[in-house]
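Participant: Provide a 3D model corresponding to the input given below.
(chains A, B, C, D, E and F)
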Number of protein chains: 4
Amino acid sequence: MRKLPAKLASQLYGAAELIAERGLDGTKIEDIAEATGIPKATIYYHLDGKNAVLEFLLTDLLEMIAGAVGVAVSSAEDARTRLEAAVAAQLGVMLEHPFLCRALVGDLGRATRLPDLAVALRSAFYEPIEKLLADGVADGSLRQVADPGAVALSVFGAITVAGLSAAVEGPSADPSADAARFSAAVSELILDGLATPRPRGGHESDDRP
Amino acid sequence: MRKLPAKLASQLYGAAELIAERGLDGTKIEDIAEATGIPKATIYYHLDGKNAVLEFLLTDLLEMIAGAVGVAVSSAEDARTRLEAAVAAQLGVMLEHPFLCRALVGDLGRATRLPDLAVALRSAFYEPIEKLLADGVADGSLRQVADPGAVALSVFGAITVAGLSAAVEGPSADPSADAARFSAAVSELILDGLATPRPRGGHESDDRP
Amino acid sequence: MRKLPAKLASQLYGAAELIAERGLDGTKIEDIAEATGIPKATIYYHLDGKNAVLEFLLTDLLEMIAGAVGVAVSSAEDARTRLEAAVAAQLGVMLEHPFLCRALVGDLGRATRLPDLAVALRSAFYEPIEKLLADGVADGSLRQVADPGAVALSVFGAITVAGLSAAVEGPSADPSADAARFSAAVSELILDGLATPRPRGGHESDDRP
Amino acid sequence: MRKLPAKLASQLYGAAELIAERGLDGTKIEDIAEATGIPKATIYYHLDGKNAVLEFLLTDLLEMIAGAVGVAVSSAEDARTRLEAAVAAQLGVMLEHPFLCRALVGDLGRATRLPDLAVALRSAFYEPIEKLLADGVADGSLRQVADPGAVALSVFGAITVAGLSAAVEGPSADPSADAARFSAAVSELILDGLATPRPRGGHESDDRP
DNA sequence: CATGAATGAGCATTCATTCAT
DNA sequence: CATGAATGAATGCTCATTCAT
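Facilitator: Below is the predicted model:
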């Protein structure tokens, strides 16, 4: 568990595709060694087993997302604008690292079982949104919703599944174009909704009689 | 290995929690045998191996979802109303089967790699929404969006992640109440969006100058 | 840990020489599998790992010794005669199973660390002697010694090391002749001692002033 | 790898207990490094591998024994007296180094397989006794026995097992008192034997009719 | 001299799966 | 039909040892 030398760290990324393709359980440490050029025993010298490889990889992804979203979220704009920026930021990072994303989905169960990852997951994806929702209500740029927790979850789902799905399609020739496209679609959905405007301004919560 | 006796089938559900908790790879056939009371060799007599167990379990879940959503979607209402119904239907089934849901997410990677499951997944979750979106544009109850594919994906994500998250929280005392709550939140989000109404009637797509 | 089928048990003896020669740690399960003709996985199906193999083998030896000695000890003779018989019995069994004996010595440390073996060891080797010493004092056939515990230990050592050493020499052409020879030497030593008779009838315990 | 610095040598003794407890195979060089405070690679710098550690430790013990016994044996007394002295000397050293003794027994198999140790073992333990037996016959202080080799072995066993057993009991508060006690018991046994004096002076070899 | 870092070679153990009954 | 017993195949991980500094 020593902190891996930068060189090894970078080599290790060579394993992401493998894991994305076959899942961690379907990937032998031996395969990882081969794919990365790092001898098996050396991997074990630096990392605490197979899970730690996944953990290392995903931690990195999660940090990148948390970082980018963090920046997007801390601008001076209103919450609504920052939400759009956050969506774009998250999708931008996801599409730039399709293999890591796929590895993440593919082993979501395991990721959830790794305590460190579980919290990183939460703080990278869910918490910024939750905060933004509250901010938006405060600054008037977002509506007050009945169940903010559930809505934040849904928003997170809307963004993430879009990103994941794009990642699964395979690496795109132009990730940032894809990101922009998906980003626009997601923002449109979560900001404006799908309902056609009602005659008299806005949709009241009368959908459940 | 078709049609296992009803009794076995029902016993097999006892394995869902195990798989949900540890993932399929983390669950030995032996464990499944123990948890269900079905002797290992008997499982093999009826099913084609470990994957088949997961496949059996998830196929069932997927069929239930596809069925419930199918019903919701085929009513005579407008698409917007049917979308709400579909959301409620999907969440209803998911929350009734939290372990199956968790097993599904946890082994999403594997599920994706099992051809039969992959298509069932798509047709249970994604396709009905896609269709509804189109219907809504046609009958005027839903807005035309720029990128219907991406939006459908997002909607699917919004619903599913909400449901999954609820499932992960652990079995609820009152699944249908939860379902209603989540269902309302998700519908509110995807139909009306989060943005506060703009001064002059609705939000124009001018958010990207 | 099921009770091994007789056939396997007998095949397993084929491993004794191997273990005697190289020690248990120097013997791969694979080697044992090869030497005995029992597939590796089958060994694991019946036994709980490598140690269990040694344990099984030695338990058997110890039972044989305990049995033979037990018979020798329960005759109606006086203790002195029974002690001679016990010596002969123990050496007889040991020389009949030189490989098991060598395995026992070679891995004495490990044997000691296996709780079951430790007690079997004690009850096969040490306890009968201890008992005989006491009996001998009672029936007048053996002298009262100052420290019976220490003496019993020494007697045990005198017998066992002789036997072990003979076993280490390699399998003899005529084990029972060897046994008789060693048995006579050991009995002579422990019964009569090495000191030449003192002028005035026997050697008094004046060697420690 | 000859003559390690005195400091290291003394640190190395810290490993004796470890090895006594777990056996050499159960002790990782890493463990030894930790227990002694000597870095792993430094051990290798001075010693030729794991076996060499054991060899170093045991060689030392054996030299101490050989030395002490040598002194005891070279006095001007008769062989009988010198035998008593040798017993006391051997037990004295053994009880002063209980961990080394246990390490020796525990890895007797391996010790036997290390050529240098095997001869040291012989010359420390067995040979002095053999010699004394012969001397005793010559000077009339010890009886002529039928099979001097076997008897010497037995004597060696009587002494050594007593010492070992004491060592295994754990370090005593007063090793030299223990040594004296065991020494007396062993001497009593091997000199006078256990048989009660026969009516007419001494026991004739009539025990095998 | 000493040692932190790196690794080659090995191996016990696991488990999905088969099959005789 | 069902299943206890048996096993082939696979692999994660360990550790003694080396070597550059």
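Participant: pull the CA atoms of stretch A:17-28 into PDB?
Facilitator: The C-alpha trace of stretch A:17-28 is given here as PDB (Å, rounded to 0.1, in the frame of the first residue of the first chain):
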ATOM      1  CA  GLU A  17      -9.600  -1.700 -20.700                       C
ATOM      2  CA  LEU A  18      -9.100  -5.300 -19.700                       C
ATOM      3  CA  ILE A  19     -11.100  -4.900 -16.500                       C
ATOM      4  CA  ALA A  20     -13.800  -2.900 -18.400                       C
ATOM      5  CA  GLU A  21     -14.100  -5.700 -20.900                       C
ATOM      6  CA  ARG A  22     -14.100  -8.800 -18.600                       C
ATOM      7  CA  GLY A  23     -14.800  -7.500 -15.100                       C
ATOM      8  CA  LEU A  24     -12.300  -7.800 -12.400                       C
ATOM      9  CA  ASP A  25     -13.100 -11.400 -11.600                       C
ATOM     10  CA  GLY A  26     -12.700 -12.300 -15.200                       C
ATOM     11  CA  THR A  27      -9.300 -10.700 -15.200                       C
ATOM     12  CA  LYS A  28      -6.300 -12.600 -13.900                       C
END
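Participant: is any part of that stretch close to DNA strand E?
Facilitator: No: taking CB under 7 Å from any atom of the strand as the criterion, stretch A:17-28 and DNA strand E are apart, separated by no less than 10.3 Å. (Each C-beta comes from the backbone N, C-alpha and C, glycine too.)
Participant: and chain B, is that stretch touching that?
Facilitator: Yes: applying CB under 8 Å from any CB of the partner chain, one finds stretch A:17-28 in contact with chain B at A:23, A:25.
Participant: what about the helices in chain A?
Facilitator: A:6-12, A:16-22, A:29-36, A:40-46, A:50-73, A:79-96, A:98-106, A:108-113, A:115-121, A:127-139, A:148-168, A:175-192 (DSSP state H).
Participant: list of residues touching the first one?
Facilitator: By CB atoms under 8 Å, 6 or more residues apart in numbering or on different chains, the residues outside helix A:6-12 that reach it are A:4, A:36-38, A:42, A:46, A:53, A:56-57.
Participant: could you rerun that using 10 Å?
Facilitator: Residues outside helix A:6-12 that contact it (CB atoms under 10 Å, 6 or more residues apart in numbering or on different chains): A:3-5, A:32, A:35-38, A:42-43, A:45-47, A:53, A:56-57, A:60.
Participant: B:Gly14: which of the helices of chain A is closest?
Facilitator: Among the helices of chain A, the nearest to B:Gly14 by CB to CB is helix A:108-113 (18.7 Å).
Participant: may I see the buried residues of the closest one?
Facilitator: Buried residues in helix A:108-113, counted by 16 or more other CB atoms under 10 Å in any protein chain shown: A:108-113.
Participant: name the helices or strands packed onto it?
Facilitator: The contact analysis (3 or more CB pairs under 10 Å, 6 or more residues apart in numbering or on different chains; DSSP states H and E) places helix A:108-113 against helix A:50-73, helix A:98-106, helix A:115-121, helix B:14-22, helix B:98-106, helix B:108-113.
Participant: out of these, nearest to C:Asp174?
Facilitator: Using CB to CB, the nearest of those to C:Asp174 is helix A:50-73, at 58.0 Å.
Participant: mean confidence for the closest one?
Facilitator: Mean per-residue pLDDT for helix A:50-73: 94.
Participant: so how far is it off the chain centroid?
Facilitator: With CA atoms, centre = their mean, to the nearest Å as the basis, helix A:50-73 stands 8 Å off its chain's centre.
Participant: is it anywhere near chain B?
Facilitator: No: applying CB under 10 Å from any CB of the partner chain, one finds helix A:50-73 separated from chain B by no less than 11.0 Å.
Participant: can you list the buried residues in that helix?
Facilitator: Within helix A:50-73, the residues that count as buried by 16+ other CB under 10 Å are A:50-62, A:64-66, A:68-69, A:72-73.
Participant: excluding chain neighbours, what is closest to A:Gly23?
Facilitator: Nearest in space to A:Gly23, with sequence neighbours left out and distances taken as CB to CB, 6 or more residues apart in numbering or on different chains, is B:Gly109 at 4.4 Å.
Participant: relative to the whole chain's centre, how far out is stretch A:172-181?
Facilitator: Taking CA atoms, centre = their mean, one finds stretch A:172-181 lying 16 Å from the centre of the chain it belongs to.
Participant: adding distance to D:Leu18, write the helices and strands packed on helix A:108-113 out as TSV.
Facilitator: TSV is the format used below for the helices and strands packed on helix A:108-113 (distance: least, CB to CB, whole Å):
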stretch	distance to D:Leu18
helix A:50-73	29
helix A:98-106	42
helix A:115-121	33
helix B:14-22	37
helix B:98-106	43
helix B:108-113	45
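Participant: to DNA strand F, which of the ones you listed lies closest?
Facilitator: helix A:50-73 (4.2 Å; CB to the nearest atom of the strand).
Participant: near DNA strand E at all, the closest one?
Facilitator: No: if you take CB under 7 Å from any atom of the strand as the test, helix A:50-73 misses DNA strand E, and the best it gets is 13.4 Å.
Participant: give me the angle between that helix and helix A:98-106.
Facilitator: 110 degrees (axes from the mean of the first three to the mean of the last three CA atoms, to 10 degrees).
Participant: so helix A:50-73 versus helix A:127-139, what angle?
Facilitator: Going by the same axes, to 10 degrees, helix A:50-73 makes 20 degrees with helix A:127-139.
Participant: helix A:50-73 near DNA strand F at all?
Facilitator: Yes: residues of helix A:50-73 are located near DNA strand F by CB under 7 Å from any atom of the strand, namely A:Lys50.
Participant: send me that helix as PDB with only the CA atoms.
Facilitator: Presented in PDB, the C-alpha positions along helix A:50-73 are these (Å, rounded to 0.1, in the frame of the first residue of the first chain):
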ATOM      1  CA  LYS A  50      -6.600  -7.500  -7.000                       C
ATOM      2  CA  ASN A  51      -9.200  -5.300  -5.500                       C
ATOM      3  CA  ALA A  52      -6.600  -2.700  -4.800                       C
ATOM      4  CA  VAL A  53      -5.900  -2.400  -8.500                       C
ATOM      5  CA  LEU A  54      -9.500  -1.600  -9.200                       C
ATOM      6  CA  GLU A  55      -9.600   0.600  -6.200                       C
ATOM      7  CA  PHE A  56      -6.600   2.500  -7.400                       C
ATOM      8  CA  LEU A  57      -8.000   3.000 -10.900                       C
ATOM      9  CA  LEU A  58     -11.500   4.000  -9.800                       C
ATOM     10  CA  THR A  59     -10.200   6.300  -7.000                       C
ATOM     11  CA  ASP A  60      -8.400   8.200  -9.700                       C
ATOM     12  CA  LEU A  61     -11.500   8.500 -11.900                       C
ATOM     13  CA  LEU A  62     -13.600   9.500  -9.000                       C
ATOM     14  CA  GLU A  63     -11.000  12.100  -8.000                       C
ATOM     15  CA  MET A  64     -11.000  13.500 -11.500                       C
ATOM     16  CA  ILE A  65     -14.700  13.800 -11.500                       C
ATOM     17  CA  ALA A  66     -14.900  15.200  -8.100                       C
ATOM     18  CA  GLY A  67     -12.300  17.700  -9.100                       C
ATOM     19  CA  ALA A  68     -13.900  18.800 -12.300                       C
ATOM     20  CA  VAL A  69     -17.300  19.000 -10.800                       C
ATOM     21  CA  GLY A  70     -15.900  20.800  -7.800                       C
ATOM     22  CA  VAL A  71     -14.600  23.500 -10.000                       C
ATOM     23  CA  ALA A  72     -17.800  23.800 -12.000                       C
ATOM     24  CA  VAL A  73     -19.800  24.100  -8.800                       C
END
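Participant: having no further points to raise, I will conclude here.
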